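Engineer: Output the structure for:
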Amino acid sequence: MSGEPLPEALESADARRTLREILEACRVVTGPQLQRWGLEAAARELELTHASRTVRTRTTQPHSAVPIRFVVLEPYWLRRSARELMHWAATAELFVANILPPTGRWTLVDSRSGQRGHYPDAEFIMPVNGLSAAFEVDAGYAPAKVEAKLLAYAGLGYSTIMWGVTIHARVPTVARMATELMRTHRLPGVTLVISRYINFWDVRDPYHDRRRCHKPMKAAVALPDAEVQFRAAYATATLEARPWLKGRTSRST
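Structural biologist: Numbering: from 1, shown residues only. All right, here's what the predicted structure looks like:
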């Protein structure tokens, strides 16, 4: 992953504004994310609060436990569990990787007033054209839980599902499951599912030096019509809006 600094124009007010935007949307980021995005100086200028927690980046793999520095705009978020902090930081990776139009509304979905059931980690709603996207962080769900969540999000009316995985091999696995569910008409109303590898704990891509690692970093499943292609173009991050982020998110090719 690129660790070079942002263009000079973004090392002051623009960088601080960008970091505030990310933190207001996602509550927390990590030290490695700040370094990869070139926002460390902005964090120092904002005098942000931080704390270290040890988390499993892949919940089914004990050896994946690593100490991570979590950085927040509002100190009270650090009172929450390490698991919540991890999920929010991972969601920030999805937020940054997907350039979301300002006409929409991004929301972290902690719960639905205590209701039971499956809800995504975040959602993005565009009232103008009815686009609704669910964002999910998967650090090691069992296949049955992945399927249950996909079915639930279709039932909740989301047209797009962005699925972030912290285990590289799960990118095609989730995409294959979504393909089969769409083929058998079990995801009514869902027109696009994107499975994407996300890394919030390391400055560099952990797979960068593995020459035999040919698994995709992103896989998309979309219905073949023009409107869906437009939505896919929006969702998969055309970086014109923030060109300085190119190469700074979890590798997507």
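Engineer: Contacts only, for R27.
Structural biologist: Residues in contact with R27 (CB atoms under 8 Å, 6 or more residues apart in numbering) are V72, L73, E74, W77, W88, L108. Where C-beta positions appear, they are placed from N, C-alpha and C, glycine not excepted.
Engineer: closest to N199 among those?
Structural biologist: W88 (15.1 Å; CB to CB).
Engineer: contacting residues around the helix ranked longest in the chain?
Structural biologist: Selection of the longest helix in the chain by residue count, based on DSSP state H, yields helix 82-97. Helix 82-97 is contacted from outside by 22, 25-30, 33, 37, 53-55, 57, 68, 70, 77-78, 106, 108, 121-122, 135, 137, 139, 162, 164, 166, 196, 198-200, 237, 245, 248-250, 252, using CB under 8 Å, 6+ apart.
Engineer: Most neighbours among the contacts of R27, which one is it?
Structural biologist: Using other CB atoms under 10 Å as the neighbour criterion, W88 leads these with 27 neighbours.
Engineer: lowest-pLDDT helix or strand in the protein?
Structural biologist: Ranked by mean pLDDT, DSSP states H and E, the weakest helix or strand in the chain is helix 226-235, scoring a mean of 50.
Engineer: Tell me where this structure has helices.
Structural biologist: With DSSP H as the criterion, the chain has helices at 13-26, 31-37, 40-46, 82-97, 143-155, 170-183, 226-235.
Engineer: now the ones you listed as JSON lines including distance to G117?
Structural biologist: As requested, the helices of the chain are exported to JSON lines (distance: least, CB to CB, whole Å):
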{"stretch": "helix 13-26", "distance to G117": "23"}
{"stretch": "helix 31-37", "distance to G117": "30"}
{"stretch": "helix 40-46", "distance to G117": "36"}
{"stretch": "helix 82-97", "distance to G117": "17"}
{"stretch": "helix 143-155", "distance to G117": "6"}
{"stretch": "helix 170-183", "distance to G117": "18"}
{"stretch": "helix 226-235", "distance to G117": "25"}
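Engineer: So for G130, which of the ones you listed sits nearest?
Structural biologist: Across the helices of the chain, G130 has its closest neighbour in helix 226-235 (10.6 Å, CB to CB).
Engineer: how much space between L23 and A219?
Structural biologist: Separation of L23 from A219 (CB to CB, to the nearest Å): 29 Å.
Engineer: got it, and W106?
Structural biologist: Relative to A219, W106 is positioned 23 Å away (criterion: CB to CB).
Engineer: now L151
Structural biologist: Distance from L151 to A219, by CB to CB: 19 Å.
Engineer: and the residue of the chain positioned farthest from its centre, what is it in contact with?
Structural biologist: Here the chain reaches farthest from its C-alpha mean at T184, the gap being 27.2 Å by CA atoms, centre = their mean. Shown in contact with T184 (CB under 8 Å, 6+ apart): no residues.
Engineer: again with Y141
Structural biologist: With contacts defined as CB under 8 Å, 6+ apart, Y141 is in contact with K149.
Engineer: change it to 10 Å
Structural biologist: Residues near Y141 by CB atoms under 10 Å, 6 or more residues apart in numbering: T59, T60, E147, A148, K149, W163, V165, I167, R170, V174.
Engineer: residues near the residue lying closest to the third one once chain neighbours are set aside, how many?
Structural biologist: If the residues on either side of it in the chain are set aside, E147 comes closest to M177, at 6.2 Å by CB to CB, 6 or more residues apart in numbering. Here the number of neighbours of M177 (other CB under 10 Å) works out to 19.
Engineer: M177 touches I161, doesn't it?
Structural biologist: No: assessed by CB atoms under 10 Å, M177 is found out of contact with I161, at 11.2 Å.
Engineer: Overlap in contacts, the two.
Structural biologist: Here M177 and I161 share the contacting residues L150, V193, S195, V221, scored by CB under 10 Å, 6+ apart.
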